[in-house]
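*Asks:* structure for this input, please:
(chains A, B and C)
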Amino acid sequence: MAPAFSALTLFDVVLCVLIIGVALCSSSVRDLFAATVLLIIYGVFVAIAWVRLGAVDVALAEAAIGAGLTGVLLIGAVARLKITESPAAAVSRWQFAAKVIPASLGLLIASGLAYLVLTVEWRETLQAPVLANLPDTGVLNPVTAVLLNYRAYDTLLETSVLFAALIASWCTTHDDLWGERAGLRQHTRRAGILATFGRFLPPIGLIVGIHIFWAGADKWGGAFQAGTIFAAVWILAIMAGVIDAPNATGRSIRSFAVAGPMFFTFVALTGVLAQSFLIIPVMVAKPLTLAIEACLTLSIAATLMLLVLGAPRRSA
Amino acid sequence: MSVIVTATTILLLLIGVAFFLAGSMGLLRFPDVHARLHALTKADNLGLGFITLALLPQAADVWIASKLVMIWLLTMLAAATVSQLIARSALHEEDVKQEPGP
Amino acid sequence: MIEAYFFAATVLLMTVAVCLVRVLRGPTRADRMMGAQLAATAGVAILALISPAGSPAMLDVALVLALLGAFAAVAFVKAATIDGAGDPEEESQ
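*Replies:* Below is the predicted model:
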């Protein structure tokens, strides 16, 4: 029944060509701002590609990170570079090497992966055992089960890495500015368009985030996707001047940022008393997993928000 | 009955895609920032609206249908806000350019 | 019907591809930013069109994109103000 050349195939081929094309444009264009915009468009295309591959969890993360946070972060960075960027700087040998070396490495890795995928004989994957043990994890979403149960070790370390990145970012604060609010002091016209947008969108974002969080237990989504959405609307509310950016020395924002890793570590240690490190008993798997997810969501939201805003700065 | 629904969906799809094409043409061919912005935002949101309308009769349940409508409303809100802000920003950029440089 | 959706989605991909020219050519940053705006709106439409071929979960990706698609543009207009933290409305008064 399936025709050799359907509209679905056509779509996939066009999408693949566009992804490669946008990636090439983004890495070769001279103007940094154009490169940033192309990267945002690339994120949209890649999110669509993940959807076509059936990986909705990854697509959600890509849509939230690629289209939401990365754009905000990189555009802010390009804006700060505008003084140092000099168009007169000719293409030196180093600049050329800085493009050729990563490109050849990427090509090498891509061809290696393609070789592996095309030649390896797939006999047995871990899919069957993952699904067989799913009832014991307390959740129905295999991705959440893998992240918070089968390889909880990795996830615990990953959330700690995120926290370490935040501390590193705080370390770049100028001595005089320590104790000020994160990033620049934002201001907008009272009751203007931006301020209204910043009041209107965050509540909707909260609902969408809670939906993605809740769906994450059984179907798709999860702590990382929901945390990213919360971080994005939090940043919007700050940029719109609706709420003030938090202060790195504040108690509440610090407890937000450590809630996830701390609760996770606490659960891991109490597991030692029962059986061994990082054991989640089957009896309480569902509530405990959801509680860890909730704490992680808060921490990811607070940490990403603080990372995007960056260290306190004086306005130019 | 189902023939009418299918025909309506196809027709609405065509209209939606046509609006997207018009928006892109405008973004490419119009002479200045404000004209391009006006072409893009209006045409694209109409296009998305028609595509939403096309998908609505085919939606499996009310939940999916309401989600589609919500997606369209969210996009319209965001696009309207952003186009206004970009227009103001471009206006300001022009003012800065007209001032004599150092 | 799914075939029709995918044909429409393919045409929408092409419209984004055509607009890459505007992103590359500029001339102003606002022009380039509009390319991202178009990609977000078209991306939402494409995701809505291809979701009937898969699970209803895919519509949530469109929802997230619709919610966050405008954020980069907000960051852009703020960065374009004098001190990098203002509001274009304050300055055009």
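*Asks:* low-confidence ranges, chain B, go.
*Replies:* B:1, B:94-102 (pLDDT under 70).
*Asks:* all helices for it, in order.
*Replies:* B:2-29, B:33-55, B:62-98 (DSSP state H).
*Asks:* report whether the first one contacts chain C.
*Replies:* Yes: interface with chain C: helix B:2-29 contributes B:6, B:9-10, B:13-14, B:16-17, B:20-21, B:23-24, B:27-28 (C-beta under 8 Å from any C-beta of the partner chain). Every residue, glycine included, has its C-beta placed from N, CA and C.
*Asks:* which one of these sits closest to chain C?
*Replies:* Nearest to chain C out of the residues of helix B:2-29 next to chain C is B:S24 (C-beta to the nearest C-beta; 4.1 Å).
*Asks:* residues contacting the residue nearest to the closest one when sequence neighbours are not counted?
*Replies:* Residue nearest to B:S24 in three dimensions, not counting chain neighbours: C:T15, with 4.1 Å by C-beta to C-beta, 6 or more residues apart in numbering or on different chains. For C:T15, the contact set (C-beta atoms under 8 Å, 6 or more residues apart in numbering or on different chains) comprises B:20-21, B:23-24, C:38, C:42.
*Asks:* hang on, the earlier thing: most tightly packed of the helices of chain B?
*Replies:* helix B:33-55 (a mean of 22; mean count of other C-beta atoms under 10 Å in any protein chain shown).
*Asks:* and the residue most central in space within chain C, what element?
*Replies:* With distances taken as C-alpha atoms, centre = their mean, C:A40 lies nearest the centre of chain C, 2.0 Å away. Per DSSP states H and E, C:A40 falls inside helix C:29-50.
*Asks:* for that helix, enumerate the helices and strands it packs against.
*Replies:* Helix C:29-50 sits against helix A:32-52, helix B:2-29, helix B:33-55, helix B:62-98, helix C:2-25, helix C:58-68, helix C:71-79, with contacts defined as 3 or more C-beta pairs under 8 Å, 6 or more residues apart in numbering or on different chains; DSSP states H and E.
*Asks:* would TSV of the ones you listed with distance to A:I229 be doable?
*Replies:* Shown next, in TSV, are these (distance: least, C-beta to C-beta, whole Å):
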stretch	distance to A:I229
helix A:32-52	14
helix B:2-29	26
helix B:33-55	21
helix B:62-98	13
helix C:2-25	24
helix C:58-68	7
helix C:71-79	11
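*Asks:* do you know which of these lies nearest A:V13?
*Replies:* Ranking those by proximity to A:V13 (C-beta to C-beta) places helix C:2-25 first, at 9.1 Å.
*Asks:* mind listing what's buried in that closest one?
*Replies:* Buried positions in helix C:2-25, judged by neighbour count with 16 or more other C-beta atoms under 10 Å in any protein chain shown: C:4-17, C:19-20, C:22-24.
*Asks:* tell me the angle that helix makes with helix A:32-52.
*Replies:* Interaxial angle of helix C:2-25 relative to helix A:32-52 (axes from the mean of the first three to the mean of the last three C-alpha atoms, to 10 degrees): 170 degrees.
*Asks:* show the average pLDDT along helix C:2-25.
*Replies:* The average pLDDT within helix C:2-25 is 88.
*Asks:* ok, stretch A:65-82 next?
*Replies:* Here the average pLDDT along stretch A:65-82 is 83.
*Asks:* how far away is the closest residue to chain A within chain B from chain C?
*Replies:* Closest to chain A within chain B is B:T81: 4.5 Å, counting by C-beta to the nearest C-beta. Distance from B:T81 to chain C, counting by C-beta to the nearest C-beta, to the nearest Å: 7 Å.
*Asks:* which residue, other than its chain neighbours, is closest to C:S55?
*Replies:* Using C-beta to C-beta, 6+ apart, the nearest residue to C:S55 is A:V56, at 6.9 Å.
*Asks:* quick check: phi and psi on A:R181?
*Replies:* The phi/psi pair for A:R181 (degrees, to the nearest 10) reads phi -70, psi 150.
*Asks:* what sits against it?
*Replies:* A:244-247, A:312.
*Asks:* list just the nearest of these to chain B.
*Replies:* A:A245 (20.1 Å).
*Asks:* where does the prediction get shaky in the stretch 201-316 of chain A?
*Replies:* A:217-221, A:275-283, A:315-316.
*Asks:* need the residues of it near chain B, please.
*Replies:* By the rule C-beta under 8 Å from any C-beta, the part of the stretch 201-316 of chain A lying against chain B is A:201, A:204.
*Asks:* can you map out the helices along the stretch 201-316 of chain A?
*Replies:* Along the stretch 201-316 of chain A, the stretches classed as helices by DSSP state H, counting those that start in this stretch are A:223-239, A:251-274, A:285-309.
*Asks:* can you tell me which of those helices is most buried?
*Replies:* Burial of these is given as mean neighbour count (mean count of other C-beta under 10 Å); helix A:223-239 ranks first at a mean of 27.
*Asks:* hmm, that helix in reach of chain C?
*Replies:* Yes: using C-beta under 8 Å from any C-beta, helix A:223-239 reaches chain C at A:225, A:229, A:232-233, A:235-236, A:239.
*Asks:* and that helix with helix C:58-68, angle?
*Replies:* Using the same axes, to 10 degrees: helix A:223-239 against helix C:58-68 is 20 degrees.
*Asks:* any idea how far A:L166 is from A:T303?
*Replies:* Applying C-beta to C-beta, to the nearest Å, one obtains 5 Å for the distance of A:L166 from A:T303.
*Asks:* ok, A:A245 next?
*Replies:* Distance from A:A245 to A:T303, by C-beta to C-beta: 14 Å.
*Asks:* same check on A:A232?
*Replies:* Distance from A:A232 to A:T303, by C-beta to C-beta: 13 Å.
*Asks:* ok, now A:V100?
*Replies:* The gap separating A:V100 from A:T303 is 35 Å, by C-beta to C-beta.
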